[in-house]
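Engineer: Fold the following and give me the result.
(chains A and B)
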Amino acid sequence: MERTALDLWVGMFVVAGIGALVVLAMKVGNLSTYNVSESYQLQAYFTNIGGLKPQASIKSAGVLVGRVTGITLDTERYEAKVVMSIDKRYQFPKDTFANILTSGLLGEQYIGLAPGGENDMLKAGEVIKKTQSAVVLEDLIGKFLYSKAEGSK
Amino acid sequence: MAVVRSLRGIGARVINAVWRIGFGSRFFLMTLVYSGTSFRRFRLIVREMFSSGVMSLIIILVAGMFVGMVLGLQGYETLKRYGSESALGTLVALSLVRELGPVLAALLFASRAGSAMTAEIGLMKATEQLSAMEMMAVNPIARVVAPRFWAGVISLPLLTAMFSSMGVFGGYVVGVVLIGVDEGSFWSQMQAAVDFQHDVMNGVIKSFVFGVAVTVIALFEGYDAPPTAEGVSGATTRTVVESSLAILILDFILTAFMFRGD
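Structural biologist: Below you'll find the predicted structure:
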């Protein structure tokens, strides 16, 4: 077996193809902002999660601190149980408030964490007690119409 | 009588089609069975990768670049109306990585490399090279078909990745450099929206499936071609038609499985 010019061309072709994949992963995709190793899990119960999806971002003061990893319906209390994986670098007090917010008027939904003032920090696997559900537009309109009807009487 | 004759004609066509599907499936299975031998002679695969992969580079890169540029231009015109030009990167990257990249690269590959494969094998058959190989106890499927099959299956995902990257670059050139969309939001919105596993890897899986479909159709048409000049030219046409249809139909099926809203 000898090396030929053909091998060089095919080698260049394969390298370019894999390079393009790496570009797609790093520059176009989100692989470069992916760190799975250093995180811990928190849970929260919401009466209504609206349009929250797995992989939705979790932000505190606008900074991305983690991602939603799982959403299930807890049939004991009939509330949505949201599992969040939070970056190990960030610790939150026990009385942290979890809100489901919307980025922009029609944007993606995410969880906003508003830290409280307690000194004890939430540990891995613990539950965030204070939560606020997503604002559902239909409910809002319903409330508005109801209050209008009340007022006009 | 004319009715009977036309009915007979339809029946013959149907039976012939089923026959071909059966023979094609057996052909595909034989190709897989004999791939072991062709992997032991990897040099053959490398040579076919040169003729189907490397030689398709220029058309893939240029086409990808221009598709991305068109996407950038059209996307900008539409997004501007809603004041969300910053989502241009998302639009370009998602449509390329998920759909346009795999589909267009496969269509180009089918017409550039697939038709060549059919013509080559059809001519080999017409000039009785395949029978000569059988005479020498060389299995033509192991020696001729399987290396081309694997070369196509390996090349197409690589070509698709290059097509998509070139397309994103084309969208960048038009959107950011020429029109002046903010560069930071172009890339950051794109990175926020494109998920490596969900989008990029599914695109790779798609192109792999298309690679299998295109090469099997091309090789089978060549192998099954009537050994005449007319037969080979007809087989080449059928390769392009059938593989284009197969790509588009498979794309719908795969998309329905992969991106069914979650």
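Engineer: Please count neighbours and contacts with C-alpha atoms only from this point.
Structural biologist: Fine.
Engineer: Pull the contacting residues for the residue in chain A that chain B sits nearest to.
Structural biologist: Using Cα to the nearest Cα, the point where chain A gets nearest to chain B is A:G17, with a distance of 4.3 Å. Contacts for A:G17 (Cα atoms under 8 Å, 6 or more residues apart in numbering or on different chains) come out as B:P157, B:L158, B:L159, B:A161, B:M162.
Engineer: which non-adjacent residue is nearest the last one?
Structural biologist: Spatial nearest neighbour of B:M162, excluding adjacent residues (Cα to Cα, 6 or more residues apart in numbering or on different chains): A:A20 at 5.1 Å.
Engineer: What of B:V103?
Structural biologist: Counting by Cα to Cα, 6+ apart, the nearest residue to B:V103 once its immediate chain neighbours are dropped is B:I247, at 6.7 Å.
Engineer: quick one: low-confidence ranges for chain A?
Structural biologist: Scanning chain A for pLDDT under 70 picks out the ranges A:1, A:30-37, A:104-107, A:152-153.
Engineer: Pull the residues that contact stretch B:240-249.
Structural biologist: Stretch B:240-249 has contacts (Cα under 8 Å, 6+ apart) with B:V103, B:A106, B:L107, B:A110, B:S111, B:G114, B:S115, B:F210, B:A213, B:V214, B:I217, B:A218.
Engineer: Same list, those, but as a markdown table with pLDDT and secondary structure please.
Structural biologist: Below are the contacts of stretch B:240-249 laid out as a markdown table (pLDDT from 0 to 100; DSSP: H, G, I helix; E, B strand; the rest coil):
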| residue | pLDDT | secondary structure |
| --- | --- | --- |
| B:V103 | 96 | helix |
| B:A106 | 96 | helix |
| B:L107 | 95 | helix |
| B:A110 | 94 | helix |
| B:S111 | 92 | helix |
| B:G114 | 93 | helix |
| B:S115 | 93 | helix |
| B:F210 | 96 | helix |
| B:A213 | 94 | helix |
| B:V214 | 95 | helix |
| B:I217 | 94 | helix |
| B:A218 | 94 | helix |
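Engineer: With distance to A:F144 as added columns, please give the residues you listed in a markdown table.
Structural biologist: As requested, the contacts of stretch B:240-249 are arranged in a markdown table below (distance: Cα to Cα, whole Å):
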| residue | distance to A:F144 |
| --- | --- |
| B:V103 | 48 |
| B:A106 | 54 |
| B:L107 | 54 |
| B:A110 | 59 |
| B:S111 | 60 |
| B:G114 | 63 |
| B:S115 | 65 |
| B:F210 | 53 |
| B:A213 | 57 |
| B:V214 | 58 |
| B:I217 | 62 |
| B:A218 | 64 |
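Engineer: out of these, who's nearest A:M12?
Structural biologist: For these, the residue nearest A:M12 by Cα to Cα is B:A106; the value is 20.6 Å.
Engineer: Tell me the spacing between the closest residue in space to that closest one that isn't next to it in sequence and chain A.
Structural biologist: The shortest distance from B:A106 to any residue other than its chain neighbours is 6.3 Å, reached at B:F210 (Cα to Cα, 6+ apart). Using Cα to the nearest Cα, to the nearest Å, we find B:F210 at a distance of 17 Å from chain A.
Engineer: shouldn't B:F210 be in contact with B:L107?
Structural biologist: No - under the criterion of Cα atoms under 8 Å, B:F210 makes no contact with B:L107, lying 9.1 Å away.
Engineer: the more surrounded of the two?
Structural biologist: B:F210 (30 against 23; other Cα atoms under 10 Å in any protein chain shown).
Engineer: Give me the nearest residue to whatever residue of chain B ends up closest to chain A, chain neighbours excluded.
Structural biologist: Taking Cα to the nearest Cα as the measure, the point where chain B comes nearest chain A is B:L158, at 4.3 Å. Taking Cα to Cα, 6+ apart, and ignoring the residues beside it in sequence, B:L158 has A:G17 as its nearest neighbour in space, at 4.3 Å.
Engineer: helix or strand for that neighbour, which one?
Structural biologist: Secondary structure here is read from DSSP states H and E; on that basis A:G17 sits in helix A:5-23.
Engineer: ok, now which ones touch the residue of chain B closest to chain A?
Structural biologist: Counting by Cα under 8 Å, 6+ apart, B:L158 touches A:V14, A:A16, A:G17, A:I18, A:A20, A:L21.
Engineer: Can you pull the residues of chain A lying near chain B?
Structural biologist: Residues of chain A lying close to chain B by Cα under 8 Å from any Cα of the partner chain are A:6-7, A:9-10, A:13-14, A:16-18, A:20-21, A:23-25, A:27-31, A:53.
Engineer: How about the residues of the stretch 51-200 of chain B by chain A?
Structural biologist: Looking at chain A, the residues of the stretch 51-200 of chain B close enough under Cα under 8 Å from any Cα are B:53-54, B:93, B:155, B:157-159, B:161-162, B:164-165, B:187, B:190-196, B:200.
Engineer: try 6 Å this time
Structural biologist: B:L158, B:A161, B:M162, B:S165, B:Q191, B:V194, B:D195, B:F196 (Cα under 6 Å from any Cα of the partner chain).
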